[in-house]
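J.: take this sequence and fold it.
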Amino acid sequence: MIETRYLTPNKMTRWCDKRIRPIKGIVFHWAADPGATLLNMWTYFENMHIQHPHDYKRAYTYFIRETIWQVLPDNERDGATGLADFDDYPEKIKRKFPIWPDAHLVNILMLEIDDEGRFMTKTIALARMLAAKLCVDNELDPVEDVYRHYDITKKKCPKWFVDNPDNWEQFRLDIKGIFCRGGGVGGAAMY
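T.: Now for the predicted structure:
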């Protein structure tokens, strides 16, 4: 179900620095492009150090569309959530992650949205399954330790879940349901 497609180590998107254990949270992001594919997103991060040598971007650990691609090893820090200044984080986040949030977070980029920004059924199902698996593997609470990028930095990401907080809460409850059942993808609701 999860395909390994690691990025080549480079100074822009894959530093190969080790994550500070333990993992304390999962953060969801979105690609705002309805046509974004796994391959073009992977290629963007793979070639960034060549095409944009001064445009610093850290890759996410996972990309999701019709399948899941893991693009960084679990023991490497991805850094996709971060703000430049620790003081800019919300107080709740600074208390939970006193060293640096990205040192303890796994970032997941969700692709395949419709023209209104809603995630497609398959993307949602795979995201729920992956989050439940990561919660089990890392002893995380499937509601309290799953975040939107917005919850960490106040960036409007994933936009659909920021604009529709009831859908976000249902998404986290769905993850909890999968977590409590010990696996499976569950229902196929589109948010």
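J.: so where's the protein uncertain?
T.: Residues of the chain meeting the criterion pLDDT under 70: 11-21, 49-59, 79, 83-84, 182-191.
J.: which SS state does the residue positioned nearest the centre of the chain fall under?
T.: Residue closest to the average C-alpha location in the chain (CA atoms, centre = their mean): residue 108, at 1.8 Å. Classification of residue 108 by DSSP: H, G, I helix; E, B strand; the rest coil places it in strand.
J.: just give the nearest non-adjacent residue to it, would you?
T.: residue 62 (4.6 Å; CB to CB, 6 or more residues apart in numbering). Any C-beta I mention is one placed from the backbone N, CA and C, and that applies to glycine too.
J.: please apply the same query to residue 134.
T.: Excluding its sequence neighbours, the residue lying closest to residue 134 (CB to CB, 6+ apart) is residue 26, at 5.5 Å.
J.: gap between the one you found and residue 33?
T.: Residue 26 sits 22 Å away from residue 33, going by CB to CB, to the nearest Å.
J.: settle it for me: which of those two has more neighbours?
T.: Taking residue 26 and residue 33 together and counting by other CB atoms under 10 Å, residue 26 has the greater number of neighbours (24 against 12).
J.: can you map out the strands along the chain?
T.: Secondary structure of the chain (DSSP state E): strands located at 2-4, 25-30, 62-64, 68-70, 105-110, 146-148.
J.: close enough to count as contact, the residue nearest to residue 134 and residue 140?
T.: Yes. Residue 26 is within contact range of residue 140, at 6.9 Å (criterion: CB atoms under 8 Å).
J.: residue 78: which of the strands of the chain is closest?
T.: Comparing these by their distance to residue 78 (CB to CB), the top pick is strand 105-110, with 5.0 Å.
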